[in-house]
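*Asks:* could you look at this predicted model? Sequence included:
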Amino acid sequence: MKKYANKLGSHALLTPHQIVWVCRHCTGDEENCRKVGGVVYCPPPVKDSKISGKRSIQLGIDELCIFKIYNESNNAEVWWNYMDYLYDCHGAGYVDSCVAAARKKAGVDATKLAACVNDAPSILFNEYTTLQSTGIPYNPAVVVNQRIYRVIVLKVFYLGNIGCR
């Protein structure tokens, strides 16, 4: 997406989102879900995923915070670089050491990131309400002029019963 965002420049507004569902009957102890601010959030299931739902949610919060911090300071290149380096962690299952190295290579300020992550309850609530208002139940998806476009990629995303709805 980076090359397309660069080509479009100020003619497009790129805002990444994390798809999360609220699970009203989960405790947060489930491996697929995470309790944040008294609410249990679950990501959509991904077949053959190497990471847990809890880990996926934490990575999503981090990504959104990095985007917010560096987009607001007109230095979105840090977010793009982080996403590139983070992609390299996929094969390693997004282990902490790889994610930390990706942050360091991209130049992410750990203090600013930690401050933003402290706001995880409102970040996830905003992501959930955005999901509800746009009607996007899973990713990858792109909204252009209020129209949703879904892309099928090599990995198959499915909506299965994970016990959290």
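*Replies:* Perfect, I can see it now.

*Asks:* counting by contacts, list what the strand or helix carrying W79 packs against.
*Replies:* Element membership for W79 (DSSP states H and E) is helix 77-87. Helix 77-87 sits against helix 2-8, helix 53-72, helix 96-106, with contacts defined as 3 or more Cβ pairs under 8 Å, 6 or more residues apart in numbering; DSSP states H and E. The C-beta positions use only the backbone N, C-alpha and C, and glycine is treated the same way.

*Asks:* any weak-confidence spans in this structure?
*Replies:* 47-48, 137-140, 150-165 (pLDDT under 70).

*Asks:* quick check: closest non-adjacent residue to the most centrally placed residue in it.
*Replies:* For the chain, the residue nearest the mean C-alpha position is G60 (2.9 Å; Cα atoms, centre = their mean). Leaving aside its sequence neighbours, G60 sits nearest to Q18 (Cβ to Cβ, 6 or more residues apart in numbering; 3.5 Å).

*Asks:* surely that neighbour meets D62?
*Replies:* No: judged on Cβ atoms under 8 Å, Q18 makes no contact with D62 at a distance of 10.1 Å.

*Asks:* wouldn't the residue nearest to the centre of the chain be in contact with V20 here?
*Replies:* Yes: if you go by Cβ under 8 Å, G60 and V20 touch, sitting 7.5 Å apart.

*Asks:* which neighbours do the two share?
*Replies:* Both G60 and V20 are contacted by P43, E127, under the criterion Cβ atoms under 8 Å, 6 or more residues apart in numbering.

*Asks:* can you count the residues close to V78?
*Replies:* 19 (other Cβ atoms under 10 Å).

*Asks:* check A12 too.
*Replies:* Quick note: A12 (other Cβ under 10 Å) scores 11 neighbours.

*Asks:* neighbours around the residue lying closest to it once chain neighbours are set aside, how many?
*Replies:* Spatial nearest neighbour of A12, excluding adjacent residues (Cβ to Cβ, 6+ apart): A5 at 6.5 Å. Neighbour count for A5, taken as other Cβ under 10 Å: 13.

*Asks:* residues in contact with A5?
*Replies:* Counting by Cβ under 8 Å, 6+ apart, A5 has contacts A12, L14, W80.

*Asks:* circling back to that earlier point, the residue nearest to G60: how many residues sit nearby?
*Replies:* Neighbour count of Q18, defined by other Cβ under 10 Å: 21.
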